[in-house]
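K.L.:
Coordinates for the following, if possible.
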Amino acid sequence: MKLLLLTSLLFFAAQLMAKPLVVTTIRPMTMLVKAVAGDSVEIRQLLPDSEVPHHYSLRIADRALIAQADLLLWVGPEMEGFLSKSVTALRPEKVITAAELPDIQWLSPTPSSEGQADKSDPHIWMNPNNGRVIATEVSNWLAAHYPQQREQVLTAQQLFNQQLSVTNDKTAAQLKTLQQVNFIVDHDAFGHFAEAFDLHQSGALKANTGLSSGARDFHQLLSQSDVSCIIAEPRHNHGRVEQLANNLHAKTVVIDPLGADIPLSDKAYIQLIEGIGNKLTVCLSNTSERATLNHSPGE
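P.N.:
Next up, the predicted model:
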């Protein structure tokens, strides 16, 4: 009897000490969990940082990991459509769908949307306010399901909110004089960042789904005369970006909206927003030199 009681006590103690397993889909979601949970949870990311989320296919090992998760954090079906079927098999309380959180800020309404917010761009983490909303939801979930971690995660959440507010204000101040400067993006993943800081994106070579525009759309981009900067991404081929930049005499910069080049830490998301702001400030600034791409083209 004593042995059975001791075994039971050890089992429950082990359960209390076990770290919750939080499975994320892409690096920005991993960054936001890390910001509020630190080392109090085990974080496993489904997609390698080299993968494009729009075109990923689940592996058997991915399905097994999802089944083991205490919490799954994903953006939503518009970003990770490959995950939709697997999510429906999970209990709703084990899933946070970031795109469905009520306080997420979407892009301004388009003329055809009859005043409704434009929800076509799923890159919601590019708006720092949305990053705060997602991180808050994660910390509240952990505090509710793992009371022993409540004080730690809520304190981390408060610190993250403070740091993000400072970074947001700093980035807004440095971009303020550049709000009327036109820029084009290779992949339409920067709309939320542009709207958050009142910047003017005047076109894209690829839709937010990653699909390339046609020859007619490319010709229309070539007809612009006042583009200062073109943003490329490390996972995409840079051929059309270089062609467009040469024709428009525009500067170019490589920016990764997933932040794969940023070491994972509790400050990684802060550094993602700060880094995008710094690179755009340089690229949009009125200088005579035309920058060149400093990354090798993606496949």
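K.L.:
and stretch 74-92, average pLDDT?
P.N.:
Over the span of stretch 74-92, the pLDDT mean works out to 95.
K.L.:
What of stretch 19-29?
P.N.:
Stretch 19-29 shows a mean pLDDT of 97 in the predicted model.
K.L.:
start to end distance for it?
P.N.:
When the termini of stretch 19-29 are compared using C-alpha to C-alpha, to the nearest Å, they are 18 Å apart.
K.L.:
from what I can see residue 122 touches residue 74, true?
P.N.:
No: Residue 122 is beyond contact range of residue 74, at 10.3 Å (criterion: C-beta atoms under 8 Å). Heads up, the C-betas are built off the backbone N, CA and C, glycines and all.
K.L.:
per the record, what domains does this protein have?
P.N.:
Dividing the chain into domains by automatic domain parsing, as the record does, gives the ranges 20-100+117-170, 174-284.
K.L.:
what stretches of the stretch 51-200 of the chain score poorly on pLDDT?
P.N.:
Counting by pLDDT under 70, the stretch 51-200 of the chain shows low-confidence ranges at 111-114.
K.L.:
What helix or strand is residue 168 located in?
P.N.:
Element membership for residue 168 (DSSP states H and E) is helix 150-175.
K.L.:
residues making contact with the next helix-or-strand element following that helix?
P.N.:
For helix 150-175, the succeeding helix or strand toward the C-terminus, using DSSP H and E, is strand 182-187. By C-beta atoms under 8 Å, 6 or more residues apart in numbering, the residues outside strand 182-187 that reach it are 199-206, 208, 210, 221, 224, 226-233, 236, 238, 240-241, 244, 248, 250, 257, 280, 283-284.
K.L.:
Show me which of these are buried.
P.N.:
Buried members of the contacts of strand 182-187, counted by 16 or more other C-beta atoms under 10 Å: 199, 201, 203-206, 208, 210, 221, 227-233, 236, 238, 240-241, 244, 248, 250, 257, 280, 283-284.
K.L.:
Restricted to strands, list those residues.
P.N.:
Assignment to strands by DSSP state E places the following of these there: 201, 203-206, 227-232.
K.L.:
Serialize the residues you listed to CSV and add fields for distance to residue 153 and pLDDT.
P.N.:
Converted to CSV, those look like this (distance: C-beta to C-beta, whole Å; pLDDT from 0 to 100):
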residue, distance to residue 153, pLDDT
201, 35, 96
203, 41, 93
204, 37, 92
205, 40, 92
206, 37, 87
227, 44, 95
228, 42, 96
229, 39, 97
230, 40, 96
231, 34, 97
232, 37, 96
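K.L.:
TSV please, covering those residues and showing distance to residue 91.
P.N.:
As requested, these are exported to TSV (distance: C-beta to C-beta, whole Å):
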residue	distance to residue 91
201	39
203	43
204	38
205	41
206	36
227	49
228	49
229	46
230	45
231	40
232	41
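K.L.:
how far does stretch 190-208 stretch from start to finish?
P.N.:
Counting by C-alpha to C-alpha, you get 9 Å between the two ends of stretch 190-208.
K.L.:
any idea how far that stretch is from the chain center?
P.N.:
Relative to the chain's own centre, stretch 190-208 is displaced by 14 Å; criterion: C-alpha atoms, centre = their mean, to the nearest Å.
K.L.:
With stretch 243-257 instead?
P.N.:
Mean-position distance between stretch 243-257 and its chain equals 22 Å (C-alpha atoms, centre = their mean).
K.L.:
mind listing what's buried in that stretch?
P.N.:
Within stretch 243-257, the residues scored as buried using 16+ other C-beta under 10 Å are 244-245, 248, 250-257.
K.L.:
Need the residues you listed in JSON lines (columns: distance to residue 95 and pLDDT).
P.N.:
As requested, those are arranged in JSON lines below (distance: C-beta to C-beta, whole Å; pLDDT from 0 to 100):
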{"residue": "244", "distance to residue 95": "40", "pLDDT": "93"}
{"residue": "245", "distance to residue 95": "42", "pLDDT": "94"}
{"residue": "248", "distance to residue 95": "44", "pLDDT": "94"}
{"residue": "250", "distance to residue 95": "42", "pLDDT": "96"}
{"residue": "251", "distance to residue 95": "42", "pLDDT": "96"}
{"residue": "252", "distance to residue 95": "39", "pLDDT": "96"}
{"residue": "253", "distance to residue 95": "36", "pLDDT": "97"}
{"residue": "254", "distance to residue 95": "33", "pLDDT": "96"}
{"residue": "255", "distance to residue 95": "30", "pLDDT": "97"}
{"residue": "256", "distance to residue 95": "26", "pLDDT": "97"}
{"residue": "257", "distance to residue 95": "23", "pLDDT": "96"}
